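[1] Need coordinates for the following:
(chains A, B, C and D)
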2 protein chains.
Amino acid sequence: MSKDICHCIVLRKASRKVSSYYDEALAPLGINIAQFSLLRNINRMAPVSLTDLGVRVELDRSTVGRNAKVLERMGLVEIRPGKDQREATLTVSEAGHAVLREGAPLWDSVQDKIEARLGPDGADRLRELLAAL
Amino acid sequence: MSKDICHCIVLRKASRKVSSYYDEALAPLGINIAQFSLLRNINRMAPVSLTDLGVRVELDRSTVGRNAKVLERMGLVEIRPGKDQREATLTVSEAGHAVLREGAPLWDSVQDKIEARLGPDGADRLRELLAAL
DNA sequence: AGCATTCATGGGTATATACCCGCGAAAATG
DNA sequence: CATTTTCGCGGGTATATACCCATGAATGCT
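    Numbering: from 1, shown residues only, chains lettered A, B, ... in the order given. Below is the predicted model:
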């Protein structure tokens, strides 16, 4: 019975597999999909606090903080205190913008590949199903 | 455009979210879904080597080794050398069997919840789409 | 038998992720 | 204005995950 298959495990496997597609495509830039996506979100919201960013990307604030620190170490993001002394303000550096530019077509190609695999409307149907979870 | 949405990120979010449903349900047993699933696989294949188990669950050998070590520390799994001195042989302990028994209905309830959310055939359609990736 | 090759694990390193706790800063309250 | 409460973050801890390298064991070939 298909009922024996854990929905969660199926999702986790798919998540790992698909992540690896993006990771491989972005590898030439020395960045992975989680980092690239976070960088994009920082760019869209900059200057942004860790808390706001965490809400946006639906990740724990401490997770976002640590992931952002990795981007900072890579020189792609700048982290400094905001007016509110409690806040860490994130902005994308020059190098970060370059990665965003160069990564875009690589990301596009994987998006296309996925859509091809899912067939027409496949991506939309998948998104709908996942949104229902 | 929906084309702006990263298929990978959608999947990762869904994976985290769904995992948390199972994790919460299994929490009373002090185990999470990754561990529960691994325990089930060990049980089905026992006695099994790390390599074989890794192939089965589609995880890196070293990942399986570390995850299994956590289960061992919890007293749910026994790890000992096999006839082939290189091999680590995994078996489920008494406590592990108890967890499998007690976890089954908890796992079932989450499966049902997911299926309810996805609607009739939803789970099947989701599985098909994910399998195409 | 002896050496080369293959094979199974383990451990190092690094990221992703979450939860909890404590500290210092800002805001609210009397 | 002083005190309390709220808020933002960093750090500790733990798991999940992967890649690479070292080591010791099994196998195969000469």
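
[2] How about the residues of chain A by DNA strand D?
    Within chain A, the residues that sit near DNA strand D (Cβ under 7 Å from any atom of the strand) are A:12, A:16, A:20, A:49-51, A:61-62, A:65, A:79, A:84, A:86-88. C-beta: built from backbone N, CA, C; applies to glycine.

[3] give me that answer again for 6 Å
    Proximity of chain A to DNA strand D is assessed by Cβ under 6 Å from any atom of the strand, with A:12, A:16, A:49, A:50, A:51, A:61, A:62, A:65, A:86, A:87, A:88 identified as the residues in range.

[4] of the residues you listed, buried ones?
    A residue is treated as buried here by neighbour count (16 or more other Cβ atoms under 10 Å in any protein chain shown); on that basis the buried members of these are A:12, A:16, A:49, A:50, A:65, A:87, A:88.

[5] Let's see which of the residues you listed end up in strands.
    A:49, A:88 (DSSP state E).

[6] Let's have the buried ones among the residues of chain A next to DNA strand D in a markdown table, adding pLDDT and distance to residue A:29.
    Output for these, formatted as a markdown table (pLDDT from 0 to 100; distance: Cβ to Cβ, whole Å):
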| residue | pLDDT | distance to residue A:29 |
| --- | --- | --- |
| A:12 | 97 | 26 |
| A:16 | 97 | 20 |
| A:49 | 95 | 26 |
| A:50 | 96 | 24 |
| A:65 | 96 | 23 |
| A:87 | 92 | 29 |
| A:88 | 92 | 25 |
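
[7] Can you classify the residue nearest the centre of chain A by secondary structure?
    Nearest to the mean C-alpha position of chain A, counting by Cα atoms, centre = their mean, stands residue A:37 at 2.6 Å. Under DSSP: H, G, I helix; E, B strand; the rest coil, the three-state class of residue A:37 is helix.

[8] for the buried ones among the residues of chain A next to DNA strand D, which one is nearest residue B:30?
    Residue B:30 has its nearest neighbour among these in residue A:12, at 20.1 Å by Cβ to Cβ.

[9] show me what contacts the closest residue to that closest one other than its chain neighbours?
    Leaving out its chain neighbours, the residue that sits closest to residue A:12 by Cβ to Cβ, 6 or more residues apart in numbering or on different chains is residue B:15, at 5.2 Å. Applying Cβ atoms under 8 Å, 6 or more residues apart in numbering or on different chains, we find residue B:15 in contact with A:8, A:11, A:12, A:14, A:15.

[10] Could you do residue A:53 as well?
    If you count contacts by Cβ under 8 Å, 6+ apart, then residue A:53 has A:38, A:41, A:42, A:45, A:64, A:68, A:90 around it.

[11] remind me which residues of chain A are low pLDDT?
    Along chain A, the parts satisfying pLDDT under 70 run over A:1-2.

[12] Thanks a lot, catch you later.
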